[in-house]
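1. Provide a 3D model corresponding to the input given below.
(3 chains)
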Amino acid sequence: MEVIADLHLHSRFSIATGKEADLEHLDLWGRYKGVQVVGTGDCTHPQWLQELADRLEPVAPGTYGLKPGLGLPLKLQGPLWDRLPGVRFVITGEVSCIYKKGGQVRKVHLLLLLPSLDAAQRFSARLGRLGNVTADGRPILGLDAKYILELALEIDPASLVIPAHIWTPWFSVLGAKSGFDSLEECFEEHTSQIYALETGLSSDPAMNWRVSGLDRFVLVSNSDAHSPQKLAREANIFLVPPAFPNLAQALRTKAGFGGTIEFFPQEGKYHTDGHRACGLRATPEETAAWGGKCPRCHKPLTYGVMHRVLDLADREAGVAAPEARPFESLIPLPEVLAQVLEVGPGSKKVNHLYFRLLEKLGPELEILRRTPLEDLAREGGNLLAYGIDKMRQGRVHIAAGYDGVYGEIRLLTPEERREVLGQGALWSPPAPVSPTRPAPPSPERGQPAEPPNLKVAEPTPPSPIEPLLAGLNPAQRQAVLHEGSPLIVQAGPGTGKTRALTHRLAYLLARRGIPPEEILALTFTRQAAGEMEARIRGLLPDFPGLARLTIKTFHALGHQMLTAQEEAREVADEDQRRQLLREAGKKHKVPVALLDARISDWKQALTYPEDLGEVNEPEVAAFKDYEAALSRGGLWDYEDLIARPTLLLTRQPDLQEAYRRRYRHLLVDEYQDLNAAQYRLFRALAAADAEIMVIGDPDQAIYGFRGASPEYFSRFRQDWPAAVPVHFEETYRLPPPVLDAARQVRRQAGVQPGPMETHQNGEQPLLLLERATEAAEARAIAREIERLVGGLSHLALEDAATRHRSPEEKAGFRDVAVLYRLHALGPELERHLTAQGIPCQMPRESVGPELDGLDLAAEKVKLLTLHAAKGLEFPYVFIAGCEAGLIPWEPEGEGHKDPEEENRLFYVGLTRASRQVFLTRARSRTLWGRKRRTLLSPLVQALTPEILERREESPGASSRKTRQPQLFPEIGPRPKKAR
DNA sequence: TAGGCCACCTTTTTT
DNA sequence: AGGTGGCCTA
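-> So this is what the prediction gives:
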């Protein structure tokens, strides 16, 4: 007994679905169509899962039915319908993986088949930690497809993952635009866990047989319906009982898998090649003859599924794959009726006849596949019977779909019409004979496989150049090689600062034989220290004694020095410190903020209560209490970690001498960010004859509020008169317009940064997007990101500007950062980007305890403060909130605090980008409950038009849906969610 | 001592 | 807006 199953469809929680896409209507339409098993779809969506749990009950293992009383009444009566059982549901869903692999953006849709509702709940919860599963029933995840497979099997080994509509150009495992050339490239060592492939609307099994690499897979077909009416336009025929374990077994082994019900693939939107704008349809042969270009406009043609299949094909047409299953090609009944009645498929006439036929003849699939022609003729007329007969024989004329244009079916020619309908018609339904399609070509052995394409590794000739200097420019080389006197390097953004530092370290160790323990490299952040260490290991793998190298933050070094001399204490965290300040401040009636600032100042000047003598200020008394409390609690604060070790060194000459003897080589990163205490610590550590290299960029000094002062940078040459200055003048990061913009910004502060030359190409100007509100601003950002990634879904298809970009040029989510001045802007941006289906993350949050490999592997857009972006690089950088008062930040009523530093901060933001910068602004912004009209940031205002393009909101923005080719055009716009 | 109400304030960050 | 701390009351 045949069991027809449609496993891939979507609920109303998916984007661009009708609100009728619920269980009740799926059950109803499953019965109308004649399907016994229906996937739930969207099994990663928490609300949908809740609905499944509420409304379904198990009827067999992993198989569910509507709870009693929930089924909708059929519009139909009669013996065929009165006792028709409801459909059975199995748990299915789809995820969209958008990620970079091999330097290219990949977009792969996967169909999931899970063995139980419980498994789905666990899977959803797990995915929810890696991305956003609530915005869309088909979530967009920045995760490698193979991890999804791993995860599904980890949740339950009975799960099945089926690559979805595998040939579509934009979103599939073999797709021409963002896919792979083989399943193995995608799933690697897990490929054996893939058992089935979904052929999609634009291809049928016969096309897939031409690729012998697919022979071992079960070829499945599903509707991918976005509304229940579209259910089962493609489907699977199983010859096993309708329960999950049997279906899964059949999908794994092919045994009990009876074949598929298909669209005519030419009807699909991407079947053949062409160019929509020119209305040009092309066969792959024509495309080849035209060199892939549209002969009318010479733009690249969009390759269709057929083309892609032929690219990978290694078997002749008309030869079935071994063990191939048969398939039947059908046209949905409403379309057949539309052809017969010469009206639209959505018309009342069609609808009326549709249900009349169903009532008399049974479910739609039965009518299309099996109902005897004479019965069709009796209930629907000769023309209908004739048309369906033609369809069953495959005699259908279809102008193939291309470049997003649906194929056009013509079932009946005018002559046929006349003949069949005319007086004394030549055609009448034949006597009842089995009207099934001719059997598919019998499976044969496939062609012998091509010899494997062996790649011979090219021997790399031994390099005569010192490898540690190879690839360095002259200034970098100088920084690496310099010895004998202190060195100060001024290194702008992207000029290879870390490169120079790490190569110098490696050179010291490996060429000059400096013992690792004599080297001290200091950074400001753990991340920078970690990166430096990793890069040294990369340069000198297996070098003995690397562990004895000291690469630390200033604070870590200070902590280590302190604990070597005193009883170790913990470092007070933010909360502890605030608590102690509050207590001390309260007792002595000193405002906490004031006390905080005073104590910081004191410690940065290496001053402790005992140095303040008998001053009677309440602040001093509070300071004493605070220090006593820290001590009682066994705590140091961050400033202690610098000030105290410095005092130890200055007060104990022998200790200082010991450190100075040990560290003969000192390197300091981000030298412009030293504060007074750090500067003194560094001076205390540096012997007169030590070899010193400091590197930094005074234009990027942004920690003045923390007591840092770029003054020490310029003072270096006074402190070390023998110092040699080096200036890195070549940037490898900034494309010319960004470099230009950055320099223009600095010029506004009266600073003319030294000469700079860029090796980065790219002429994209900065883009300024001004919107009415911060919500519109966030949506504009989301839209641009979507463009950069090259479209997130079929519905928001790549526009002309991006669609022909090669996959290498497209961005992955991790290539994008959104920067802003205040944390307060972060959550709102995150909310909107998330709602638009863009995986994003504010790194503060991710500092959770249970970060595993997958968490780290998930690609996300980063949301960062400008400060936090320091030292990072992203191809695409958005700077949000480019408004006067916000950038540069001017606290309410107080006016500019430090316009110089704000200017540098903006400079830092701009110079994070290696491809393009987007500046955005909200004309009205609500911040901390106060709504204000804003002006464009003066820093942006001053940028010249050659490098800054302004793009107003396109007036056609509201006509989105008319511009966009729709996969399911009958669906209205997505319902607005209440805020 | 819990709970409720009100006033306040809001940049950027280091083991 | 929204969270926090302070202060008052029962």
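
2. Just give the number of residues close to the closest residue to DNA strand C within the stretch 801-950 of chain A.
-> Closest to DNA strand C within the stretch 801-950 of chain A is residue A:929: 2.5 Å, counting by Cβ to the nearest atom of the strand. C-beta here means a position set from N, CA and C on the backbone, and glycine is covered the same way. Using other Cβ atoms under 10 Å, residue A:929 has 5 neighbouring residues.

3. right, and residue A:832 touches residue A:776 too?
-> No: if you go by Cβ atoms under 8 Å, residue A:832 and residue A:776 don't touch, sitting 9.3 Å apart.

4. For the residue of the stretch 801-950 of chain A closest to DNA strand C, give me its contacts.
-> If you count contacts by Cβ atoms under 8 Å, 6 or more residues apart in numbering, residue A:929 has none.

5. Next one: the residue in the stretch 601-750 of chain A that DNA strand B sits nearest to from residue A:901, what distance?
-> Closest contact between the stretch 601-750 of chain A and DNA strand B, by Cβ to the nearest atom of the strand, is at residue A:705 (3.4 Å). Relative to residue A:901, residue A:705 is positioned 8 Å away (Cβ to Cβ, to the nearest Å).

6. So those two - more neighbours on which side?
-> residue A:901 (20 against 11).

7. Could you report the neighbour count for residue A:863?
-> 26.

8. Mind checking the pLDDT average for the host helix or strand of it?
-> Residue A:863 belongs to strand A:861-865 when assigned by DSSP states H and E. Strand A:861-865 carries an average pLDDT of 92.

9. where in chain A is pLDDT low?
-> Along chain A, segments meeting pLDDT under 70 span A:423-427, A:430-465, A:793-808, A:844-851, A:893-896, A:954-979.

10. one step back: phi, psi of the residue of the stretch 601-750 of chain A closest to DNA strand B?
-> phi -60, psi -20 (degrees, to the nearest 10).

11. same thing with residue A:238?
-> Dihedral angles (degrees, to the nearest 10) for residue A:238: phi -110, psi 150.

12. What distance do you get for it to DNA strand C?
-> 51 Å (Cβ to the nearest atom of the strand, to the nearest Å).

13. So what does the spatially closest residue to that residue that is not a sequence neighbour have for phi and psi?
-> Leaving aside its sequence neighbours, residue A:238 sits nearest to residue A:3 (Cβ to Cβ, 6 or more residues apart in numbering; 4.3 Å). Note on residue A:3: its backbone torsions stand at phi -120, psi 120 [degrees, to the nearest 10].

14. tally of neighbours for residue A:3?
-> Other residues close to residue A:3 by other Cβ under 10 Å number 21.

15. And residue A:868, by the same measure?
-> 18.

16. now residue A:245
-> 15.

17. That one and residue A:116 touch, don't they?
-> No: taking contacts as Cβ under 8 Å, residue A:245 lies outside contact range of residue A:116: 10.6 Å.

18. For the residue of the stretch 151-300 of chain A found nearest DNA strand C, pull up the helix or strand it's in.
-> Residue nearest to DNA strand C within the stretch 151-300 of chain A (Cβ to the nearest atom of the strand): residue A:151, separated by 32.0 Å. Under the criterion of DSSP H and E, residue A:151 resides in helix A:145-155.

19. can you list contacts of that helix?
-> With Cβ under 8 Å, 6+ apart, helix A:145-155 has contacts from A:95, A:97, A:99, A:106, A:108, A:110, A:112, A:114, A:119, A:122-123, A:126-127, A:141, A:159-161, A:163, A:173, A:186-188, A:190, A:193-194, A:854, A:857.

20. for stretch A:47-56, same thing?
-> Under Cβ under 8 Å, 6+ apart, the answer for stretch A:47-56 is A:11, A:13, A:22-24, A:40-43, A:64-67, A:70, A:89, A:91, A:117, A:120-121, A:124, A:134, A:137.

21. Inside strands: which ones of the residues you listed?
-> A:64-66, A:89, A:91 (DSSP state E).

22. Spatially, which two of these are the most separated?
-> A:66 and A:91 (14.5 Å; Cβ to Cβ).

23. hang on, the earlier thing: for the residue of the stretch 801-950 of chain A closest to DNA strand C, give me the backbone phi and psi.
-> phi 80, psi 0.

24. Who has more neighbours out of residue A:66 and residue A:91?
-> Per other Cβ under 10 Å, whichever of residue A:66 and residue A:91 has more neighbours is residue A:91, with 29 against 21.

25. The more buried one reaches residue A:122, doesn't it?
-> No: counting by Cβ under 8 Å, residue A:91 does not reach residue A:122; the two are 11.6 Å apart.

26. What about the residue in the stretch 151-300 of chain A that DNA strand B sits nearest to, how many residues nearby?
-> With Cβ to the nearest atom of the strand, the shortest gap between the stretch 151-300 of chain A and DNA strand B falls at residue A:151, namely 31.3 Å. Neighbour count for residue A:151, taken as other Cβ under 10 Å: 19.

27. just the one 10 residues further on next, same as before
-> The number of residues packed near residue A:161 is 25, by other Cβ under 10 Å.

28. And for residue A:567?
-> Neighbours around residue A:567, by other Cβ under 10 Å: 7.

29. which secondary structure element contains it?
-> Taking DSSP H and E as the definition, residue A:567 sits outside all helices and strands.

30. who's in contact with the residue nearest to residue A:238?
-> Residues near residue A:3 by Cβ under 8 Å, 6+ apart: A:36-37, A:237-242, A:247.
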